[in-house]
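Visitor: I'd like to go over a predicted model; first the sequence, then the structure.
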Amino acid sequence: MIFALVTAAMAGSPPSLEAPVVSGIRNKKDAGVVIGVEDFTALIDAPGTLADAAAMRAWLQSTRGLDASRIQAVDNATAATARTAVEKAAKDVKRGATLWIYWSGHGDVVEGKRMLLGADADPTAAPGANAIGLDELVEIAEKSKAKQVLIVLDVGFGGIGREGEALFPPPEEFGPIPVNGQSKVSIWSGTTTSEPAYRYPAAERSMFSYFVVGALRGWADGQIGAPADGTVSLQEAQGYVARVIRQVGGGEQKPGKETRADVTAWGLAGGTLEAGPSKEDLAALALTEKGRRVRKAEAALLAVAAREWETVAAATAIASAETEAALKAFLVKYDAATVTVDGAQVAVAVPQVADARARLDTFARDAAKKQKKKKKAKRTSAKVAPTAVAVPTGPCADLLALEPKAILGELTPELGACLETRIAEEKLLTTKDKLSRMLMINADAKGDMPEWTRLAARHLEDFDRSDPDLCFKFALVLSRGGIEDAELVLRWADYALENKHIWDGPTYMSRVYNLLRLRAETAVRMWHDAEDDFIEERSDENREGAERYRGIAKDYSREWLDYARTSAQPEDRAVALCESASGNAAFCAAG
């Protein structure tokens, strides 16, 4: 086997498929049809599908060795022109040869049957109009003289486009692939159920087609356990494509696989082949593609948050109980926002969170001025527990039995009093911890945040402060209050960071990022509040306070920025806070 090595500079960029792999083989018996439908009259387009079709056509001609006259290539085919092309290829294939049918575009399911949509498909027309059924394709292929037929489909059947956009309502059921065990036809589909046939923007093609053509150029030879032998079988090609799509694409798209042993042994490519990307190259491709998906998910969340903030901001111009509740609800939703990509959480800094906090602080300062009094004391109300009245503890003796009720927020006041009595009488701190957590779980499930805050404050002060998740949540809840709680926010964020080693992987990255963000934003709030004090009363004490808090804001913002950079998480907001607090862009520059 002669390898034409890929020379593309990887660095996360996929190898080009533009240069043909010329195998030297001449194939006078096979026939093929290649259809790419990108421009739809009444549907969202399918970008990249014409490039998919061109790559497949080039492979059939240069590597498989078909003469151009034996390949029916139709771009943006209607159902009628596609049917004509398939029928022509089925007539052209010689006895004992292979018929190749390739289609990249949109699909649908009508009454359980999979349909391939022509460029003139119209969702308002009758179901199945301007489409060709996959079963019809198989029927045409079965009647040909070919010994074997491979149908390759880069088509989504779930009503979702290449970029995840909705095309039409998803089908209620997905019928089976219309091939029986004795058929000479094998269908290699890039999707199995409702998942989209995703685009691969880095390659300017579809994900499935890019790696199918790569596999057939030689990338799959020897990649699924057996040593390389200079040929690519259907089993090798399908195994390779499924693996790399799972690695690079994140696993949502699941290509189908042939299960018949005699069919998986079909030889698809030979002669001069090409070595594909190495394991290191594929890892780099996966990292780059995941970064793109993270940015896309982040942009979508930020767009939703921005639209929601426009509504909240317009409705909260004047202080009232209702406007404060709306601002706090916005904070609850977005102050520790994350997106999930490939099962991992990634933190997202929503800039409007700072605007919501600033507006709440303004309301609090204005109220304090009206009262001729500013509240600067640390919050203590959260730690004041009501006087407990001892009650019999029998009803709450079995904590395991009470757990389902607590999870649903259905502990009665009597059971709550029973648990409080047990806490007061219990000697073992570990048991106090379990009882206290039961009460916190119940309050959280009921949505009673004042009660949860009181219980969490007691738990952390009296029983255990080594749980970083609880410290983080408590700090977040406190951050939604007034500026008088800011010192406590910093205190409990620091306690959470002290025990960050308990987290690992994506959870560690997301939690630490959000804790450092919370500290930085809280310190900036404290600095701005101290500046207001100094403006209102220009004393040495207030000037020193403003300078001290600005220094804290500067250090915490830079610490957040450094972590954002080293962990490859969003840094724009951290840069803005750092430059504001330091007054020096150079202090916040990378490196």
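Guide: Received it, and whenever you're ready, just let me know what you need.
Visitor: burial count for A496?
Guide: A count of nearby residues for A496, using other Cβ atoms under 10 Å, gives 27. Where you see a C-beta, it was placed from the backbone N, CA and C, and this is true even at glycine.
Visitor: hang on, isn't it packed against F472?
Guide: Yes - taking Cβ atoms under 8 Å as the definition, A496 is a contact partner of F472 at 4.4 Å.
Visitor: now the common contact residues for those two.
Guide: Both A496 and F472 are contacted by R511, L515, under the criterion Cβ atoms under 8 Å, 6 or more residues apart in numbering.
Visitor: contacts only, for A89.
Guide: With Cβ under 8 Å, 6+ apart as the criterion, the residues that contact A89 are A31, G32, V33, R70, I71, Q72, L99, W100, I101.
Visitor: among the residues you listed, which two are most distant?
Guide: Every pair in the contacts of A89 was compared (Cβ to Cβ); the two farthest apart turn out to be R70 and I101, at 13.2 Å.
Visitor: what are the ranges of the strands in the stretch 51-200 of the chain?
Guide: When secondary structure is read from DSSP state E, counting those that start in this stretch, the stretch 51-200 of the chain shows strands at 71-75, 98-110, 113-117, 131-133, 148-156, 185-189, 199-200.
Visitor: same for the longest one, what does it pack against?
Guide: Using 3 or more Cβ pairs under 8 Å, 6 or more residues apart in numbering; DSSP states H and E as the contact test, the elements touching strand 98-110 are strand 31-36, helix 49-62, helix 79-92, strand 113-117, strand 131-133, helix 134-142, strand 148-156.
Visitor: what angle separates it from strand 113-117?
Guide: Direction vectors for strand 98-110 and strand 113-117, defined by axes from the mean of the first three to the mean of the last three Cα atoms, to 10 degrees, enclose an angle of 110 degrees.
Visitor: again with the first one
Guide: Angle of strand 71-75 versus strand 113-117, following the same axes, to 10 degrees, is 80 degrees.
Visitor: between strand 71-75 and helix 49-62, how many degrees?
Guide: Using the same axes, to 10 degrees: strand 71-75 against helix 49-62 is 170 degrees.
Visitor: and what of the third one?
Guide: Between strand 113-117 and helix 49-62, the angle comes out at 90 degrees (the same axes, to 10 degrees).
Visitor: other residues contacting strand 113-117?
Guide: Contacts with strand 113-117, where a contact means Cβ under 8 Å, 6+ apart, come from 37, 40, 43, 79, 82, 103, 105-109, 128, 130-135, 137, 153, 155, 157, 174-175, 177-178.
Visitor: of the residues you listed, just the buried ones, ChimeraX syntax please.
Guide: Filtering the contacts of strand 113-117 down to the buried ones (16 or more other Cβ atoms under 10 Å) takes a single ChimeraX command:
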select :37,40,43,79,82,103,105,106,107,108,109,128,130,131,132,133,134,137,153,155,157,174,177,178
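Visitor: average model confidence for whichever strand or helix holds W452?
Guide: Using DSSP states H and E, W452 falls within helix 449-458. Per-residue confidence for helix 449-458 averages out to 93 on the pLDDT scale.
Visitor: would you put the C-alpha positions of that helix in CSV?
Guide: Listed next in CSV are the C-alpha coordinates belonging to helix 449-458 (Å, rounded to 0.1, in the frame of the first residue of the first chain):
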residue,chain,number,x,y,z
MET,A,449,-35.6,30.9,50.5
PRO,A,450,-35.7,32.9,53.7
GLU,A,451,-36.1,29.7,55.7
TRP,A,452,-33.4,28.0,53.6
THR,A,453,-31.0,30.9,54.2
ARG,A,454,-31.6,30.7,57.9
LEU,A,455,-31.0,27.0,58.0
ALA,A,456,-27.9,27.2,55.7
ALA,A,457,-26.4,29.9,57.9
ARG,A,458,-26.9,27.8,61.0
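Visitor: next one: that helix to chain centre, how far?
Guide: On the basis of Cα atoms, centre = their mean, to the nearest Å, helix 449-458 is displaced by 33 Å from the centre of the chain it belongs to.
Visitor: tell me which helix or strand comes right after it.
Guide: The first helix or strand that comes after helix 449-458 along the chain, using DSSP H and E, is helix 468-479.
Visitor: helix or strand with the lowest mean pLDDT in this structure?
Guide: Taking mean pLDDT, DSSP states H and E as the measure, the chain has strand 344-347 as its least confident helix or strand, at a mean of 80.
Visitor: quick one: list the elements packing against that one.
Guide: Contact here means 3+ Cβ pairs under 8 Å, 6+ apart; on that basis strand 344-347 packs against helix 279-315, strand 338-341, helix 505-536.
Visitor: give me the buried positions along the next helix or strand after the first one.
Guide: So the one you mean is helix 279-315. Proceeding N to C from helix 279-315, the next assigned helix or strand is helix 321-334, under DSSP H and E. Within helix 321-334, the residues that qualify as buried by neighbour count (16+ other Cβ under 10 Å) are T323, E324, A326, L327, K328, F330, L331, K333, Y334.
Visitor: what's around A42, how many residues?
Guide: Applying other Cβ under 10 Å, we find 12 residues neighbouring A42.
Visitor: got the confidence number for it?
Guide: As summarised for this prediction, A42 has a pLDDT of 92.
Visitor: P123 is in contact with that one, correct?
Guide: Yes - assessed by Cβ under 8 Å, A42 is found in contact with P123 at 6.5 Å.
Visitor: could you export the helices and strands packed on strand 344-347 as TSV, including mean pLDDT, distance to G545 and mean neighbour count?
Guide: Converted to TSV, those look like this (pLDDT from 0 to 100; distance: least, Cβ to Cβ, whole Å; neighbours: other Cβ atoms under 10 Å):
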stretch	mean pLDDT	distance to G545	mean neighbour count
helix 279-315	92	30	15
strand 338-341	86	35	18
helix 505-536	91	5	21
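Visitor: break the chain into its domains for me.
Guide: The record's domain parsing of the chain by automatic domain parsing lists 31-277, 341-348+373-588.
Visitor: buried ones in stretch 60-74, by neighbour count?
Guide: Of all the residues in stretch 60-74, those buried under the rule 16+ other Cβ under 10 Å are L60, Q61, S62, T63, R64, G65, L66, R70, I71, Q72, A73, V74.
Visitor: make that stretch 565-585, sorry
Guide: Quick answer for stretch 565-585 (16+ other Cβ under 10 Å): 567, 569-571, 573-582.
Visitor: again with stretch 217-236
Guide: 217-223, 228, 231-236.
Visitor: spatially central residue in the protein, please.
Guide: Relative to the mean C-alpha position of the chain, the nearest C-alpha, by Cα atoms, centre = their mean, is the one of V341, at 2.5 Å.
Visitor: how near is that one to A417?
Guide: Between V341 and A417 the computed distance is 45 Å (Cβ to Cβ, to the nearest Å).
Visitor: quick one: the helices in the stretch 151-300 of the chain, in order.
Guide: 207-214, 234-249, 261-264, 279-315 (DSSP state H, counting those that start in this stretch).
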